[in-house]
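# This is a predicted model, with the sequence first.
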Amino acid sequence: MANETPDPKDPLGAIDTPTPRRKPKPEVTTIGGRELKPSTLMMGHGYDAALSEGSLKPPIFLTSTFAFENAAAGKRHFEGITGKRPGGAEGLVYSRFNGPNQEILEDRLAIWDGAEDALCFSSGMTAIAILILAACNTGDVIVHSGPLYAASEGFVAKVMAKYGVRYVDFPAGASPEKLDEVMAKAKAMAEETGGTVPLIYLESPGNPTNALVDIEAVRDARDKHFSADTTPIAIDNTFLGPLWQRPLDHGADLVVYSLTKYVGGHSDLVAGSVSGGKKWIDAIRALRNTMGGIADPNTAWMLLRSLETVELRMQRAGENAAKVCAFLKAHPKVEGLGYLGMIEDARQQDIYDRHCLGAGSTFSLFIKGGEAECFRFLDALKVAKLAVSLGGTETLASHPASMTHLSVPEGRRAELGIADNLVRISIGIEDPDDLIADFEQALEAV
């Protein structure tokens, strides 16, 4: 039932405005009783060529606004956009709210995670920020895992703190007993200020250590202390998604991506997304409609292109990473690897076996020495590129302690395992033997 005014105790579940969609013909998702795979659906799902002069691929709709068929239709669309009428907009309204490229993209993103709905954003951090802002009120307490991407951790610890929102964190591999303790602490803190625990935010694998979170154990601890109807579990699945982990199957309610990474996959765009149950997505959409932050049409079109090959690219990168890590593990100048295909901790291996469908292609390389040795290695690379980000077609390497996580206090970095001798590597789709040769010669410089 729609509420015009959000309940301050349950902001994420307050607005019932189903996704605006334009589906002029039934979608083909099964053939002869066989459910089509995501890689097949990426070639046409959500798009009707008849609406675009028969164009095989969706055109880029570069427009800021859309003409209504009549005045009554305009009123009806805005009633849906503003929540005055349940059902959402019945058509296209204004490009801050929706657009053909964005709606097709959102349809296809939802398929990969098995989600009811999805939203696209101008960046991964825009997606994360709007998700968190939509969930919280003054006095609330967020529970989150660690490590997080530095900007995510900073947003919770610094920006949300300005609005009276606090947090409790726990290490990625926390036991069920530790999770129970953390949830109880968060509940007590929230009660002190008359707030709630409106969101549990996870990142798994964690950036940059590849530490895994037990999503199922988090769900069980959440269910013991809070209601699943008011305290959703959101997870940043960028390192393994959408191919190697499906968090909604293990108890998460929302999945967050930096689409810049594997989904975009070519290091030529910036975007983000949130997918999950309509109850949560609709409330996040309401805030996105107000703040802006939707992906632009050109970026959405480029992501549609990328989704057609995401499975092939990720498979190749994953195969390359396995070969490269086999070489690195045996190298005398390598102290260790944070690679999910070579887990040494029993707890982490158990989580991997239950949650993951592949080891991914991004990992942490621990070089014997410290920052100076890592810099020598990075400066000597010839095929791999010295750059932040991950998930592109090219291999990338960076030094998190002095780059992506420099803003994290030194003590906090040490606590999270972000050491000075850690290099983060994202393997691309080059020839694996060429990559091995590159890493071998670069290690000679150490």
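Good, I have the coordinates. Numbering: from 1, shown residues only.

# CA atoms for contacts and neighbours, from now on please.
Noted.

# tell me the contacts of the residue nearest the centre of the chain?
Centroid-nearest residue in the chain, with Cα atoms, centre = their mean: Y257, separated by 2.0 Å. Counting by Cα atoms under 8 Å, 6 or more residues apart in numbering, Y257 touches 124, 236-238, 241, 272-274.

# State the distance from it to E203.
With distances taken as Cα to Cα, to the nearest Å, Y257 is found 10 Å from E203.

# which residues are common contacts for those two?
Overlap of the contact sets of Y257 and E203 (by Cα under 8 Å, 6+ apart) consists of 236-237.

# Could you report the neighbour count for G194?
G194: 12 surrounding residues under other Cα atoms under 10 Å.

# Now for K185: which residues touch it?
Per Cα under 8 Å, 6+ apart, neighbours of K185: V168.

# any idea which element it lies in?
According to DSSP states H and E, K185 maps onto helix 176-192.

# do H45 as well
Here H45 sits in a region with no helix or strand, counting by DSSP H and E.

# Please report phi then psi for it.
Note on H45: its backbone torsions stand at phi -60, psi 140 [degrees, to the nearest 10].

# ok but the residue nearest to the centre of the chain is inside a helix, no?
No: counting by DSSP: H, G, I helix; E, B strand; the rest coil, Y257 is not part of a helix but strand.

# so what's it scoring on pLDDT?
pLDDT, Y257: 98.

# ok, now G417?
86.

# Show me where the stretch 151-300 of the chain has its helices.
Remark: helices assigned in the stretch 151-300 of the chain by DSSP state H, counting those that start in this stretch are 176-192, 215-225, 278-291, 297-307.

# got the CA positions of the helix holding K185 in CSV?
The C-alpha trace of helix 176-192 is given here as CSV (Å, rounded to 0.1, in the frame of the first residue of the first chain):
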residue,chain,number,x,y,z
PRO,A,176,28.7,-16.3,14.0
GLU,A,177,29.4,-15.5,17.6
LYS,A,178,31.2,-12.3,16.7
LEU,A,179,28.3,-11.3,14.4
ASP,A,180,25.8,-11.9,17.2
GLU,A,181,27.8,-9.7,19.4
VAL,A,182,28.0,-6.9,16.8
MET,A,183,24.3,-6.9,16.1
ALA,A,184,23.5,-6.8,19.8
LYS,A,185,25.9,-3.8,20.2
ALA,A,186,24.3,-2.0,17.3
LYS,A,187,20.8,-2.5,18.6
ALA,A,188,21.8,-1.1,22.0
MET,A,189,23.4,1.9,20.5
ALA,A,190,20.4,2.7,18.4
GLU,A,191,18.0,2.3,21.3
GLU,A,192,20.1,4.9,23.2
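
# hang on, the earlier thing: list just the nearest of the contacts of Y257 to P171.
Proximity of those to P171 (Cα to Cα) peaks at D236, which lies at 15.1 Å.

# What are the contacting residues of stretch 160-177?
Residues from elsewhere that reach stretch 160-177, judged by Cα under 8 Å, 6+ apart: 136-147, 156-157, 178-179, 182, 185-186, 204, 206, 211-214, 217-218, 221, 347-348, 416.

# Which residue ranges of the chain form strands?
In the chain, the strands defined using DSSP state E lie at 30-31, 34-35, 117-121, 141-146, 166-171, 199-203, 233-236, 254-258, 272-276, 334-338, 362-367, 385-386, 396-398, 422-426.

# In a markdown table, list the ones you listed along with distance to P409.
As requested, the strands of the chain are exported to a markdown table (distance: least, Cα to Cα, whole Å):
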| stretch | distance to P409 |
| --- | --- |
| strand 30-31 | 51 |
| strand 34-35 | 49 |
| strand 117-121 | 29 |
| strand 141-146 | 14 |
| strand 166-171 | 15 |
| strand 199-203 | 19 |
| strand 233-236 | 22 |
| strand 254-258 | 24 |
| strand 272-276 | 26 |
| strand 334-338 | 22 |
| strand 362-367 | 20 |
| strand 385-386 | 23 |
| strand 396-398 | 18 |
| strand 422-426 | 16 |
